[in-house]
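>>> fold the following and give me the result.
(4 chains)
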There are 2 protein chains.
Amino acid sequence: MPLDEFDRKIVQSLQIDARMPVAQVAERTALSATPVSRRIKRLEDDGVIVGYQPILDARKLGFELDAYVLINLDAHSDDNISRFEQAIQDNPYVIACHAVTGDMDYLVHVIARDVEHLSQITLKSLLRIPGVRDVKSIIVLETIKETRAMPLD
Amino acid sequence: MPLDEFDRKIVQSLQIDARMPVAQVAERTALSATPVSRRIKRLEDDGVIVGYQPILDARKLGFELDAYVLINLDAHSDDNISRFEQAIQDNPYVIACHAVTGDMDYLVHVIARDVEHLSQITLKSLLRIPGVRDVKSIIVLETIKETRAMPLD
DNA sequence: TATGAAATAATATAGTT
DNA sequence: AACTATATTATTTCATA
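Numbers count the residues shown, from 1 in each chain, chains lettered A, B, ... in the order given. Have a look, this model is predicted:
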């Protein structure tokens, strides 16, 4: 069940371009197209590859801003937690949310059209989720690196 | 140059599955395959779609841990900054890095195989970059949400 | 300038060894 | 796993709005 050298080469190729033709992946992998096709299918079936997504230019889609919001809940009842997490799932401007260590409970990654929009998301959506005590915003000034590519060796 | 209703439908479809066949995207878009194929090409050429990537299961690839590391530089000379940013680019375990507001300079998202590996990345790689004053780690306990899909309406 | 339909080209998958 | 054959999918051409 662990990935062998071929699988790693295949995944690496797809990390360069998830729509790379199988023949080209095959070339990079020193394998013919057939086993590559079958291996990709297997990686999908095994849940190693969960899906494929386009990398979009956020700015070109009108999202000029980007922030991390640290959130504290005032009580950690199951109710509060599940209500909070549901609200996070439902908010399309939240692109990531983690429960974290430290003095804040959650770290939430938000995209916004502009400062006003960010303020609206923070104050009108996040802060108003029942159980939320306080929020601290860390605004992204510049993105130095952003990838989802994982090292495979 | 802004996206019209068709473009948005196309991008939305690709956000569901970046390898969805053009014919299927066409169906969802109420358009035939020809213009969909051309529009995808145009979105790529215009840099709206920057690339395609597989969504991988980090755990299945041996990355059990995930942390955000806040970093401060002790001097903000151009030299320090570019050296730091280069080190970040070169570190394969850093999947994201942002210059941010607040009392820390950078927020760095790191993946690691285990606690020891995380400690190694933090203490041996990040903290040793010249100019780095201190680091604060926020360890991810649970990922509630993680998407790169952007809302397009 | 952009579409749809048909034809062609490219690509992926299945069968066989 | 590779080779070959078949099936699926993408793209080009062309007529048209």
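>>> which residue ranges of chain A form helices?
Listed in chain order, the helices of chain A (DSSP state H) span residues A:5-16, A:22-29, A:33-45, A:78-90, A:115-120.
>>> what's the most buried one of those helices?
The highest mean neighbour count among these belongs to helix A:5-16 (a mean of 19), with neighbours defined as mean count of other C-beta atoms under 10 Å in any protein chain shown. C-beta here means a position set from N, CA and C on the backbone, and glycine is covered the same way.
>>> now do that one: which elements does it pack against?
With contacts defined as 3 or more C-beta pairs under 8 Å, 6 or more residues apart in numbering or on different chains; DSSP states H and E, the secondary structure elements packing on helix A:5-16 are helix A:22-29, helix A:33-45, strand B:49-56.
>>> pLDDT on the last one, on average?
This points to strand B:49-56. Within the predicted structure, the mean pLDDT of strand B:49-56 is 98.
>>> same question, the longest one
Here the mean pLDDT over helix A:33-45 is 98, rounded to a whole number.
>>> before we move on, the earlier item: could the helices and strands packed on helix A:5-16 go into CSV alongside distance to DNA strand C?
Putting the helices and strands packed on helix A:5-16 into CSV (distance: least, C-beta to the nearest atom of the strand, whole Å) gives the following:
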stretch, distance to DNA strand C
helix A:22-29, 3
helix A:33-45, 3
strand B:49-56, 12
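>>> between the ones you listed, which one is nearest to DNA strand D?
Each of these has some distance to DNA strand D by C-beta to the nearest atom of the strand; the shortest is helix A:33-45, at 3.4 Å.
>>> near DNA strand C, which residues of chain A?
Chain A has residues A:21, A:22, A:23, A:33, A:34, A:37, A:40, A:41 near DNA strand C, with proximity defined as C-beta under 7 Å from any atom of the strand.
>>> related to what we said a few turns ago, would TSV of the helices and strands packed on helix A:5-16 with distance to residue B:16 be doable?
Converted to TSV, these look like this (distance: least, C-beta to C-beta, whole Å):
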stretch	distance to residue B:16
helix A:22-29	21
helix A:33-45	15
strand B:49-56	12
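>>> center of chain A - which residue?
In chain A, the C-alpha nearest the mean C-alpha coordinate belongs to residue A:96, at 5.6 Å (C-alpha atoms, centre = their mean).
>>> excluding its backbone neighbours, what's nearest that residue?
Among residues not flanking residue A:96 along the chain, residue A:109 sits closest, at 3.9 Å (C-beta to C-beta, 6 or more residues apart in numbering or on different chains).
>>> surely the one you found and residue A:91 touch.
No. If you go by C-beta atoms under 8 Å, residue A:109 and residue A:91 don't touch, sitting 11.2 Å apart.
>>> show me which of the two is the more surrounded one.
A direct count of neighbours by other C-beta atoms under 10 Å in any protein chain shown for residue A:109 and residue A:91 places residue A:109 higher, at 24 against 18.
>>> name every strand pairing with the lengthiest strand in chain A and say which way it goes.
When chain A is scanned for its longest strand (criterion: DSSP state E), the result is strand A:132-146. Partners of strand A:132-146 in the sheet, by DSSP bridges, are strand A:65-73 (antiparallel), strand B:94-100 (antiparallel).
>>> export those strands to TSV and tack on mean pLDDT?
Compiled in TSV, these are given as follows (pLDDT from 0 to 100):
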stretch	mean pLDDT
strand A:65-73	97
strand B:94-100	98
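>>> and those as CSV, adding distance to DNA strand D?
Written out in CSV, the entries for these read as follows (distance: least, C-beta to the nearest atom of the strand, whole Å):
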stretch, distance to DNA strand D
strand A:65-73, 31
strand B:94-100, 28
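>>> need these in a markdown table (columns: distance to residue B:46).
As requested, these are arranged in a markdown table below (distance: least, C-beta to C-beta, whole Å):
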| stretch | distance to residue B:46 |
| --- | --- |
| strand A:65-73 | 21 |
| strand B:94-100 | 24 |
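>>> what's near enough to touch residue A:15?
Applying C-beta atoms under 8 Å, 6 or more residues apart in numbering or on different chains, one finds that residue A:15 lies in contact with A:149, A:150, B:53, B:54, B:56.
>>> pretty sure residue A:146 is touching residue B:88, no?
No. If you go by C-beta under 8 Å, residue A:146 and residue B:88 don't touch, sitting 11.0 Å apart.
>>> where do the contact lists of the two overlap?
Common neighbours of residue A:146 and residue B:88, counting by C-beta under 8 Å, 6+ apart, are residue B:97.
>>> please parse chain A into its domains.
Structural domains assigned to chain A are A:3-44, A:56-137, following the TED database.
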